[in-house]
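Engineer: Structure for this input, please:
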Amino acid sequence: MNLEFNKNEDKMKLAVSELKQRWEKVSLGGGKKAIEKQHEKDKLTARERIEYLRDKDKAFVEIGAFTGEGMYEEYGGCPSGGTVAGVGYVSGRQCVIVANDQTVKAGAWFPITGKKNLRLQEIAMENHLPIIYLVDSAGVFLPMQDEIFPDKEHFGRIFRNNARMSAMGITQIAAVMGACVAGGAYLPIMSDETLMVEGKGSIFLAGPYLVKAAIGEDIELETLGGAVTHTEISGIADYKFPTEEQTLDEVKKIMGKLGPAQQAGFNRIAPEAPAKDPKEIYGLFPADNNKPYDMVDVIERIVDKSDFDQFKKDYGKSILCGYARIDGWAVGIVANQRKIVKSRKGEMQMGGVIYNDSADKAARFILNCNQKKIPLIFLQDVTGFMVGSRSEHSGIIKDGAKLVNAVANSIVPKITIIVGNSYGAGNYAMCGKAYDPRFIFAWPTAKIAVMGGEQAAKTLLQIQVSSMRAQGKEIGAEEEKEMLQKIIDKYNTQTTPYYAAARLWVDGIIDPIRTREVISESLHAANHAPIDSSMKLGVFQV
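Structural biologist: Okay, the predicted model is just below:
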């Protein structure tokens, strides 16, 4: 291995090490003391509940581990958005699991909590996966109620989704492990089956204090809405058990009796490992996001037998398109080529930039995959579309629109991995969050922004300086330099994958070596939802 490979490998290992350290911190939820208090109450934490429930011999892909990171600091933060969740297996059946984290503000819902829970329901709905709710929440976080309560994508949308999933035939199971208060009380009752832990679980629209204030009635919690009340008097809950473990055991039994899932019928054969070592990705991916590299090298360490069958290999070279298998699944791959290539006209094309011919090629390839019912994998490392008079006169906007149209109207599942840069309209064309990928993940090396940091900072600086001079203020070279550095620092913070993950622009940040596993599990989930074979592309200029 050469020196460059070793430098890249060291940088990636540091990035992965930081990822693990950050995960270990957020995995503690509200912290060690809060976990100890949970145990003192003879209660498991959200992560312990999921670990007890899920099949240990199968993969669990956590969704939104870094949700809320760096947000709501004035309230003490909201690690993982106060909810632990992911896609895993229970009794052999792939499903979505959502668990309120009682160690974070008693499981109260912040605005980002609502967004995360809606994302998990969206995953269940899009992929027709059963969903299990492990409920232990104090309800809406009142100091921020105006940002979580009334709008379309707020708290109430959860219950609307409960109703929609029921109509879609998607199994929903709710295990009430603790408090389930006010509007949140509707979630377990709108599920197919409701289980409660005796002496721990409670469901009511108003707790004892509010009942006293509202109607003057004195009543203790268990009588008002405990497990005995709801299984023997109101009939709201279906089962009660003395311990959390017994409650979760019953969930396993219910899941084990579900009828067979529908299948989309995506092609899969016996998996074969890549012929080239996936660990070499560490050394192949450049430490500097702006340096060129051959994306084919990365693809060959993700796909079965390292076999990548390129489509229009010698045309539109700044985007790679081709067929492969990942863990046995047939896939179509659309990836930005980061090495400098020569176009068919003999021009040198910058890596990571989308040119007219590459946009045209990718649009056609996406249509082919839709025709053949082959899921699409997007590997993003894109700095945007080519600019300048030559591109504009050649119709770059038209070709870009054609690609965006194909991505937007694609009916086969789309799974996006952001490996490096994800800038501007390139983010859209390569199936960013706004284009409904079934799943979207980022490597620790990802950068997501409207444009590169240096270009953005200089543009913002010019605007600020012009504004100040228009007001008659003189700006010295040193002051201008300080202003530029402040802009760069702020912009760099906002382009990190952790900033994106905190806001759920991506479902998670993954170790590059897990890329193959995460894509395979995403495809397994997607295969539960039959697709509509009637393809309507809309209007675009040819």
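Engineer: quick one: which helix or strand includes residue 23?
Structural biologist: Using DSSP states H and E, residue 23 falls within helix 3-26.
Engineer: That helix - contacts with which helices or strands?
Structural biologist: On a contact count with 3 or more Cβ pairs under 8 Å, 6 or more residues apart in numbering; DSSP states H and E, helix 3-26 meets helix 281-284. Using the backbone N, CA and C atoms, a C-beta is placed for each residue, glycine as well.
Engineer: chain center to the helix it packs on, what's the gap?
Structural biologist: Computed by Cα atoms, centre = their mean, to the nearest Å, the chain-centroid distance of helix 281-284 equals 24 Å.
Engineer: so what does whichever helix or strand comes after it touch, helix or strand wise?
Structural biologist: Of the helices and strands lying after helix 281-284 in sequence (DSSP H and E), the nearest is helix 295-299. Under the contact definition 3+ Cβ pairs under 8 Å, 6+ apart, helix 295-299 sits against helix 281-284, strand 319-326, strand 329-336, strand 376-382.
Engineer: All the strands of the stretch 1-150 of the chain, residue numbers only.
Structural biologist: For the stretch 1-150 of the chain, applying DSSP state E, counting those that start in this stretch gives strands covering 61-62, 83-90, 93-100, 131-137.
Engineer: any chance of the ones you listed in CSV, plus mean neighbour count and mean pLDDT?
Structural biologist: Formatted as CSV, those follow (neighbours: other Cβ atoms under 10 Å; pLDDT from 0 to 100):
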stretch, mean neighbour count, mean pLDDT
strand 61-62, 20, 98
strand 83-90, 25, 98
strand 93-100, 25, 98
strand 131-137, 28, 96
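Engineer: Phi and psi next, for residue 161.
Structural biologist: Note on residue 161: backbone dihedrals following degrees, to the nearest 10 are phi -70, psi -40.
Engineer: What number of residues are in the vicinity of it?
Structural biologist: Per other Cβ atoms under 10 Å, the neighbour tally for residue 161 reads 23.
Engineer: Next: residue 120.
Structural biologist: Residue 120, neighbours per other Cβ under 10 Å, totals 24.
Engineer: Equivalent analysis for residue 515, please.
Structural biologist: There are 22 residues near residue 515, going by other Cβ under 10 Å.
Engineer: From the structure, what's the count of residues near the closest residue to it other than its chain neighbours?
Structural biologist: Excluding the flanking residues, the one nearest residue 515 by Cβ to Cβ, 6 or more residues apart in numbering is residue 302, at 5.5 Å. Residue 302 has 26 neighbours, counted by other Cβ under 10 Å.
Engineer: Can you give me every residue that contacts residue 302?
Structural biologist: Applying Cβ atoms under 8 Å, 6 or more residues apart in numbering to residue 302 gives the contacts 274, 278, 281, 326, 515, 516, 519.
Engineer: try 7 Å this time
Structural biologist: Residues in contact with residue 302 (Cβ atoms under 7 Å, 6 or more residues apart in numbering) are 274, 278, 326, 515, 516.
Engineer: Mind checking which of those land in strands?
Structural biologist: residue 326 (DSSP state E).
Engineer: any idea which of the contacts of residue 302 has the most stuff around it?
Structural biologist: Taking other Cβ under 10 Å as the neighbour criterion, residue 326 ranks highest of those with 26 neighbours.
Engineer: For residue 18, see how far away it is.
Structural biologist: 27 Å (Cβ to Cβ, to the nearest Å).
Engineer: ditto for residue 42
Structural biologist: Where residue 18 is concerned, residue 42 sits at a distance of 36 Å (Cβ to Cβ).
Engineer: Same check on residue 290?
Structural biologist: 20 Å.
Engineer: now swap in residue 198 and tell me
Structural biologist: For residue 198, the distance to residue 18 - Cβ to Cβ - is 43 Å.
Engineer: so where do the helices sit in the stretch 401-542 of the chain?
Structural biologist: Assigned by DSSP state H, counting those that start in this stretch, the helices in the stretch 401-542 of the chain fall at 424-429, 453-470, 477-494, 497-502, 515-526.
Engineer: residues near the closest residue to residue 139 other than its chain neighbours, how many?
Structural biologist: Spatial nearest neighbour of residue 139, excluding adjacent residues (Cβ to Cβ, 6+ apart): residue 181 at 4.2 Å. Counted with other Cβ under 10 Å, residues neighbouring residue 181 total 23.
Engineer: The closest residue to residue 29 other than its chain neighbours: neighbouring residues, count only.
Structural biologist: Once flanking residues are discounted, residue 29 sits nearest to residue 103: 4.0 Å by Cβ to Cβ, 6+ apart. Using other Cβ under 10 Å, residue 103 is surrounded by 25 other residues.
Engineer: How about the backbone phi and psi for residue 341?
Structural biologist: Torsion angles, degrees, to the nearest 10, at residue 341: phi -130, psi 160.
Engineer: for it, what are its contacts?
Structural biologist: Counting by Cβ under 7 Å, 6+ apart, residue 341 has contacts 317, 318, 349.
Engineer: want to throw the residues you listed into JSON lines with neighbour count, distance to residue 86 and pLDDT?
Structural biologist: As requested, the contacts of residue 341 are arranged in JSON lines below (neighbours: other Cβ atoms under 10 Å; distance: Cβ to Cβ, whole Å; pLDDT from 0 to 100):
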{"residue": "317", "neighbour count": "21", "distance to residue 86": "38", "pLDDT": "93"}
{"residue": "318", "neighbour count": "26", "distance to residue 86": "35", "pLDDT": "94"}
{"residue": "349", "neighbour count": "21", "distance to residue 86": "40", "pLDDT": "71"}
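Engineer: Looking at the residues you listed, which one is closest to residue 426?
Structural biologist: residue 318 (10.6 Å; Cβ to Cβ).
Engineer: before we move on, the earlier item: what helix or strand is the residue nearest to residue 515 on?
Structural biologist: Counting by DSSP H and E, residue 302 is part of no helix or strand.
Engineer: Could I have the CA atoms of the helix holding residue 23 written out in PDB?
Structural biologist: In PDB, the C-alpha atoms belonging to helix 3-26 read as follows (Å, rounded to 0.1, in the frame of the first residue of the first chain):
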ATOM      1  CA  LEU A   3       1.700   6.500   1.500                       C
ATOM      2  CA  GLU A   4      -1.600   8.100   0.300                       C
ATOM      3  CA  PHE A   5      -3.500   5.000   1.100                       C
ATOM      4  CA  ASN A   6      -2.100   4.900   4.600                       C
ATOM      5  CA  LYS A   7      -2.900   8.600   5.200                       C
ATOM      6  CA  ASN A   8      -6.500   8.100   3.900                       C
ATOM      7  CA  GLU A   9      -6.900   5.000   6.100                       C
ATOM      8  CA  ASP A  10      -5.700   6.800   9.200                       C
ATOM      9  CA  LYS A  11      -8.100   9.700   8.600                       C
ATOM     10  CA  MET A  12     -11.000   7.400   8.100                       C
ATOM     11  CA  LYS A  13     -10.200   5.300  11.200                       C
ATOM     12  CA  LEU A  14     -10.200   8.600  13.200                       C
ATOM     13  CA  ALA A  15     -13.600   9.500  11.800                       C
ATOM     14  CA  VAL A  16     -15.000   6.100  12.600                       C
ATOM     15  CA  SER A  17     -13.500   6.300  16.100                       C
ATOM     16  CA  GLU A  18     -15.200   9.600  16.600                       C
ATOM     17  CA  LEU A  19     -18.500   8.100  15.300                       C
ATOM     18  CA  LYS A  20     -18.200   5.300  17.900                       C
ATOM     19  CA  GLN A  21     -17.400   7.700  20.800                       C
ATOM     20  CA  ARG A  22     -20.300  10.000  19.900                       C
ATOM     21  CA  TRP A  23     -22.600   7.000  19.700                       C
ATOM     22  CA  GLU A  24     -21.500   5.800  23.100                       C
ATOM     23  CA  LYS A  25     -22.300   9.200  24.500                       C
ATOM     24  CA  VAL A  26     -25.800   9.400  23.000                       C
END
